[in-house]
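Novice: mind looking at a prediction? Sequence and model below.
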Amino acid sequence: MGVISNFFNYIKGLMTGGEQEVTVTQEDISNWLDKKSWDNLSLYIFALNSGINVIANALSKCEIRTFYRGEEVRGDEYLLWNYSPNRNMNASEFMQKIVWNLIYKNECLVVPALNGDLLVADTYIRETYANFPDRFSGVNIDLENTTYAIDKTFRSDDVLFYRLNNKNLIILLNQVMDGYKSLLQAAVDASIKAAGERGVLKIDAKAPQINYGKKADGTPRTFNDVYREMMEKQFASYFKSANAVMPLWEGFEYETKSGAASKRSTSEVDDVKALTSEIYGRVANALQIPPAILKGDIADVEVLTRNMVTFAIEPIAKMIERENNRKRNGREVLKGTYQMIDTSRIMHVDTIDIADKAFNLIGAGWSVDEVRIRAGDAPLNKEWSKKHYLSLNFAQYDEKGETDEAGAQTELSNGKA
C-alpha cells in the first residue's frame with residue numbers, strides 16, 4: 001500500500017503546487033479507483049511524461065562548450081557540465097532532472113556542494129527581495145531511500161536558479177484537460193457498453209429475512225449490505241473480467257441475457273482513438289513539441305525535429321546557458337569567457353549525406369577537425385587537420401567594397417586564412 005499511497009500523494013502534490021500536506025487513506029484510494037480516475041489520469045500523465053522525456057533526452061545530447069578569452073577550452077568546467085556534475089550522477093541524468101523540475105514546477109534550483117559538485121534541489125524555501133539577493137533555505141535532495149537536508153541558507157548569487165517564462169505548465173494543462181478527460185471517459189463507457197454483459201438479477205421475496213451472518217465489526221450483515229456489496233463490487237469485478245465465476249448469496253439468482261458476444265463498432269473505437277489523439281495534441285502544443293513527434297509518427301521527422309529544436313529545446317537551452325554565464329562567469333563574458341549549449345548535436349548527422357557540404361565548409365575556412373567534430377567523429381589532431389583553408393571561389397573585399405581575387409589567391413598559396 002505504501003507505493004500507491006506515495007503515488008497518490010505525489011499526484012495530489014502536483015495539483016496543489018506542493019504547498020499542502022495531504023493524508024491518504026484506504027477509503028480515499030478505493031473511491032478514487034472506483035470512479036475510474038486511474039484511466040483518465042494515467043493517459044494524461046503518460047502523455048505529459050512522454051513529452052518531457054522528449055525534451056529532456058534532446059537536451060541531454062547537447063554538448064556544453066566552454067570558452068576562455070575567446071578560445072575554446074576543455075578543462076574542469078567542461079568536465080563538470082558534460083560528464084560529472086556530481087559524484088552520483090552523470091551529465092545526462094543531471095540535465096534530465098533539471099528539465100523535469102523546470103516543467104513540473106516551472107523552476108529549478110541547483111546548489112553547489114562543498115567539493116564543487118552541483119546538486120539539483122527537490123524542495124526548498126525561497127525568500128524574495130527587491131533590492132537584495134533572494135535567499136534559499138530548507139534545501140532538500142531526495143535520494144532513493146531518504147532525503148538529504150542541507151542546513152544552510154544560500155544567496156541567489158551562490159546558486160543557479162532556472163525559471164521558465166510561462167505560467168506553471170501543470171496548472172495550464174489541468175485546465176485544458178478537464179473537459180477532455182470527461183469526453184474520453186464517455187467514449188470509453190460507450191465502447192464498453194457496446195460489448196458489455198446484460199442480465200437479470202432475480203431476488204427471492206424471502207431474501208430480506210435471510211440471516212447473512214456478521215460483518216467484520218461484529219454487527220449483523222443486512223440484506224441491504226449484501227445487495228450493495230454485490231452491485232458495487234462483485235458484479236463490477238465480474239463484468240470487467242474476461243473469465244470469471246461469481247458466487248451468489250442465498251436468495252439471489254443471476255441470468256445472462258447477452259447471448260453471443262457483440263462486437264464494438266468501428267465508430268466507437270475511433271471515438272476513443274480520436275480523443276486520445278486530441279489529448280496528445282494538446283499536451284504537445286503546451287510543450288511546444290510537434291504533435292507528430294509525441295505520437296511517434298515518422299513522416300518528415302527531420303523537419304519536425306528542426307521545429308522542435310527551434311521552439312521547444314533552444315528556449316530552455318538559452319535560459320540555462322544565460323543563467324550559467326551570469327552566475328559562473330559574470331563580467332568575464334565580455335572578455336570571451338563563457339559557455340554555450342550546442343543544440344546542433346541533437347540532430348543525427350550521416351557523414352555520407354553531408355559529404356558535399358563538408359567539402360564546401362572546408363573551402364569556406366573550416367578546418368578538417370572542426371568538420372569531423374560537427375559530424376560526430378573524433379578529430380585527427382594532426383597539424384594539417386587543424387589548419388584553415390580558403391577556396392579560390394572566395395574573394396576578399398577591400399575597404400572600398402571591391403573584390404580582390406588576387407589577394408585571396410595569395411593568402412591561400414601562403415597557407416593563410
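Specialist: Sure, I can see it. Residues are numbered from 1 along each chain as shown.

Novice: in the stretch 51-200 of the chain, what residue spans correspond to helices?
Specialist: Using DSSP state H, counting those that start in this stretch, the helices assigned to the stretch 51-200 of the chain run over residues 76-82, 91-105, 169-194.

Novice: let's see the first one as PDB, backbone CA atoms only.
Specialist: Pointing back at helix 76-82 there. C-alpha atoms of helix 76-82 as PDB (Å, rounded to 0.1, in the frame of the first residue of the first chain):
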ATOM      1  CA  ASP A  76      37.300  21.500 -15.200                       C
ATOM      2  CA  GLU A  77      34.200  23.400 -16.200                       C
ATOM      3  CA  TYR A  78      33.800  21.400 -19.400                       C
ATOM      4  CA  LEU A  79      34.200  18.100 -17.400                       C
ATOM      5  CA  LEU A  80      31.700  19.300 -14.800                       C
ATOM      6  CA  TRP A  81      28.900  20.100 -17.300                       C
ATOM      7  CA  ASN A  82      29.500  17.300 -19.900                       C
END
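
Novice: who does that helix touch, helix- and strand-wise?
Specialist: strand 63-68 (3 or more C-beta pairs under 8 Å, 6 or more residues apart in numbering; DSSP states H and E). Where C-beta positions appear, they are placed from N, C-alpha and C, glycine not excepted.

Novice: average pLDDT for the strand it packs on?
Specialist: Taken as a whole, strand 63-68 has a mean pLDDT of 93.

Novice: what does that strand contact?
Specialist: With C-beta atoms under 8 Å, 6 or more residues apart in numbering as the test, strand 63-68 has contacts from 72-75, 77-78, 81-82, 336-342, 345.

Novice: picking that back up, which of the helices of the stretch 51-200 of the chain has the lowest mean pLDDT?
Specialist: helix 169-194 (a mean of 61).

Novice: dump the residue contacts of Tyr227.
Specialist: Neighbours of Tyr227 in contact, by C-beta under 8 Å, 6+ apart: Ile203.

Novice: helix, strand, or coil at it?
Specialist: Under DSSP: H, G, I helix; E, B strand; the rest coil, the three-state class of Tyr227 is helix.

Novice: for Tyr212, see how far away it is.
Specialist: 10 Å (C-beta to C-beta, to the nearest Å).

Novice: next one: Ile103
Specialist: 53 Å.

Novice: these two - which one has more neighbours?
Specialist: The residue with more neighbours, out of Ile103 and Tyr212, is Ile103; 23 against 16, by other C-beta atoms under 10 Å.

Novice: where does pLDDT dip in this structure?
Specialist: 1-42, 166-198, 240-244, 249, 257-269, 271-272, 349-353, 376, 394-417 (pLDDT under 70).

Novice: how about 50 then?
Specialist: Along the chain, the parts satisfying pLDDT under 50 run over 1-5, 259-262, 399-417.

Novice: and the closest residue to Phe223 other than its chain neighbours, how many neighbours?
Specialist: Using C-beta to C-beta, 6 or more residues apart in numbering and skipping residues adjacent in sequence, the residue nearest Phe223 is Pro208, 4.3 Å away. A total of 13 residues lie near Pro208 under the criterion other C-beta under 10 Å.

Novice: ok so Pro208 is a helix residue?
Specialist: Yes. Applying three-state DSSP, one finds Pro208 inside a helix.

Novice: on that earlier part again, looking at the contacts of strand 63-68, which are in strands?
Specialist: Mapping the contacts of strand 63-68 onto strands (DSSP state E) picks out 72-73, 338-342.

Novice: can you say which of those residues are buried?
Specialist: Neighbour-count burial (16 or more other C-beta atoms under 10 Å) is assigned, among the ones in strands among the contacts of strand 63-68, to 338-341.

Novice: out of those residues, which comes closest to Val54?
Specialist: Of all these, Val54 sits closest to Ile341, with 17.0 Å by C-beta to C-beta.

Novice: give the contact list for the closest residue to the closest one other than its chain neighbours.
Specialist: Nearest non-adjacent residue to Ile341, counting by C-beta to C-beta, 6+ apart: Ala317, 4.3 Å away. Listed by C-beta under 8 Å, 6+ apart, the contact set of Ala317 reads 59, 62, 341, 343.

Novice: what about Ala317, which SS state?
Specialist: helix.

Novice: likewise for the one 4 residues further on?
Specialist: Taken by three-state DSSP, the conformation at Glu321 corresponds to helix.

Novice: now for Thr343, how many residues are close by?
Specialist: Using other C-beta under 10 Å, Thr343 has 20 neighbouring residues.

Novice: strands along the stretch 1-150 of the chain, start to end?
Specialist: Per DSSP state E, counting those that start in this stretch, the stretch 1-150 of the chain carries strands over the ranges 63-68, 71-73, 107-112, 118-120, 123-127, 135-142, 147-150.

Novice: relative to Glu232, which of the ones you listed is closest?
Specialist: strand 135-142 (38.1 Å).

Novice: which strands or helices does the closest one pack on?
Specialist: Helices and strands touching strand 135-142, by 3+ C-beta pairs under 8 Å, 6+ apart, are strand 107-112, strand 123-127, strand 147-150, strand 154-155.

Novice: what do you get if the cut-off is 10 Å, keeping everything else the same?
Specialist: Contacts defined by 3 or more C-beta pairs under 10 Å, 6 or more residues apart in numbering; DSSP states H and E place strand 135-142 against strand 107-112, strand 118-120, strand 123-127, strand 147-150, strand 154-155.

Novice: buried set for the longest one?
Specialist: If you call a residue buried by 16+ other C-beta under 10 Å, then strand 107-112 has these buried ones: 108-112.
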